[in-house]
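In: Structure for the following, please:
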Amino acid sequence: MVNTRLFDEYRNIPREANYLIYSMIFPNLAYGMFYMDLPYLLTQVRGISTGFMGALITIMGVSMVASSIPFGILADRFSRRKILIFGNIVASLTIAVFALTDNQFILLAAALLEGVSEAAFSSSASALLADKATDQKRNSVFSFSGFTGNLAFGLGGLIIPAVVVFEILGYNVQESHSILYVIVVALSLASTILILKVTESGEPHLGEKMTLRSIYPKKSGGVLGKYLLTSVIIAFGAGLIVPLMSVWFGYRFGISDTLSGPILGASSLLIGVATLASPLMARRLGTIKAIVVTQAASTLFMFLTPLAPEFVSASLVYSLRSLLMNMASPLQQSMIMGMVPEGERGIASGISSAMWKLPNSLSTFIGAWMLGLGLLSAPFYIASVFYLVSIAIFWFFFRNTKMPEEMLSVARN
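Out: Numbers count the residues shown, from 1 in each chain. Sure, this is the predicted structure:
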């Protein structure tokens, strides 16, 4: 019965919402391959110094943060669909550039454009997806999007060894990486066809005068401010260790990225499957309680990870942490898009993306510094404290909130 009800949540998803979800599969595959392979690609394949590689990643993050709010404004005032198409095309092409050249000037420009494209994608995709989902199906739409996205992202990491096939065919290491990247990028670009099948939602607001005061959403400013506070706190905590897990596995257990990488990729696959249960959990507990329960359980496993005595148990405990935390992610996206008026969803997405990326990037530097000092457990414990503070504040702010779909359910009963 439970399984039947679980899959019932995904029936009758609006057609255009499905188009959007399917259009993101190959871009997420490309992103998964890119982010898991980039440090190795640049340093070991292209011969770029570690310092310059780090600078490129920093530029991507700064560019994304700086561009998120402007693209959110453009998405609301101009066209969410066109901004999404722009983001997908530019992201695909810049990913290919990293595999095709070692020219540092070109790589700097590509890093800048990669951040811009990520901002365009993040500020428009969630807003457009919410536009195409009814209140009754919004949790299901975002959970199904999370399922396909995590699955594709994980597969992106798992296809990296395909370069061996091209090496067997006689290509060298650089050429083999270039061929794989170009194939994946071509698939990502082809996904634009599905986005073109989606109609624009609402009317553009080009005639409205833009001022500094008008940038922040007027109607949803209060609820967005509360949500951002909790998001910033948990993003800072996550940044202390989550992006550094492959390094931590190396320090703690002497495990190389050839083993930890596939483990983390497989974790993304499990996360994708777990998100399928999110709508059913939200229906039974309510969206807010479901978010709090899964995040609180995730915090427990975050705390337990450094206590694991060997690699297998540590990777299992950490994977459970990731699974539970990411079960809450589509519900959070659905929640804020459901509480924000349609005309402000783009700027809300842009601000949310920027306010996650910035503290997350800053705390990663702190976490790396702690690991360098040999403080291998401290980042987990400090992150757990930030998680608990964020969850407590979130519950205080939203514990009495009823989502539109929950109000409809009460009305029907």
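
In: hey, where'd the helices end up in the stretch 1-150 of the chain?
Out: Ranges of helices in the stretch 1-150 of the chain, per DSSP state H, counting those that start in this stretch, are 2-8, 15-23, 25-40, 50-77, 80-100, 104-132, 138-158.

In: low-scoring stretches of the stretch 201-350 of the chain, by residue?
Out: Within the stretch 201-350 of the chain, the stretches with pLDDT under 70 are 201-221, 256-261, 265.

In: how does it look with 80?
Out: Applying pLDDT under 80 to the stretch 201-350 of the chain picks out residues 201-222, 243-244, 246-247, 250, 255-280, 282, 326-328, 334, 338, 340-350.

In: related to what we said a few turns ago, identify whichever of the helices of the stretch 1-150 of the chain lies nearest to residue 240.
Out: helix 50-77 (15.6 Å; CB to CB). Heads up, the C-betas are built off the backbone N, CA and C, glycines and all.

In: now for the helices of the stretch 1-150 of the chain, which one comes closest to residue 346?
Out: Using CB to CB, the nearest of the helices of the stretch 1-150 of the chain to residue 346 is helix 50-77, at 3.1 Å.

In: quick one: average confidence on that closest one?
Out: Taken as a whole, helix 50-77 has a mean pLDDT of 81.

In: Just list what it packs against, helices and strands only.
Out: With contacts defined as 3 or more CB pairs under 8 Å, 6 or more residues apart in numbering; DSSP states H and E, helix 50-77 has these neighbours: helix 25-40, helix 80-100, helix 104-132, helix 345-372.

In: Find me the pLDDT at residue 129, would you?
Out: Note on residue 129: pLDDT of 85.

In: for residue 120, same thing?
Out: Here, the pLDDT recorded for residue 120 equals 90.

In: Now it. Nearest residue, chain neighbours left out?
Out: Spatial nearest neighbour of residue 120, chain neighbours left out: residue 87 (3.2 Å); criterion: CB to CB, 6 or more residues apart in numbering.

In: thought the one you found was touching residue 117?
Out: Yes. Using CB atoms under 8 Å, residue 87 makes contact with residue 117 at a distance of 4.8 Å.

In: re earlier: wait, what's in contact with the residue nearest to residue 120?
Out: By CB atoms under 8 Å, 6 or more residues apart in numbering, residue 87 lies in contact with 71, 117-122, 124-125.

In: how about the residues you listed in CSV, adding neighbour count and distance to residue 280?
Out: Shown next, in CSV, are the contacts of residue 87 (neighbours: other CB atoms under 10 Å; distance: CB to CB, whole Å):
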residue, neighbour count, distance to residue 280
71, 31, 34
117, 26, 34
118, 25, 31
119, 27, 33
120, 29, 33
121, 25, 28
122, 24, 27
124, 30, 28
125, 27, 24
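
In: Please identify which of the residues you listed is nearest to residue 225.
Out: When these are compared for distance to residue 225 (CB to CB), residue 122 comes out closest, at 19.3 Å.

In: The closest one contacts residue 350, doesn't it?
Out: Yes. Using CB under 8 Å, residue 122 is in contact with residue 350, at 7.4 Å.

In: Tell me how many other residues surround residue 325.
Out: 21 (other CB atoms under 10 Å).

In: show me the contacts for the nearest residue to it once chain neighbours are set aside.
Out: In space, and not counting its chain neighbours, residue 325 is closest to residue 298: 3.9 Å by CB to CB, 6+ apart. Neighbouring residues of residue 298 by CB under 8 Å, 6+ apart: 320-325, 328, 387.

In: Pull up the overlap in contacts between residue 122 and residue 350.
Out: Taking CB under 8 Å, 6+ apart as the criterion, residue 122 and residue 350 both touch residue 68.

In: Against residue 14, how distant is the residue lying closest to residue 37 once chain neighbours are set aside?
Out: Nearest residue to residue 37, sequence neighbours excluded (CB to CB, 6+ apart): residue 160, at 5.1 Å. The gap separating residue 160 from residue 14 is 35 Å, by CB to CB, to the nearest Å.

In: Neighbour count for the two, which is higher?
Out: Between residue 160 and residue 14, counted using other CB under 10 Å, residue 160 has the larger neighbour count: 20 against 14.
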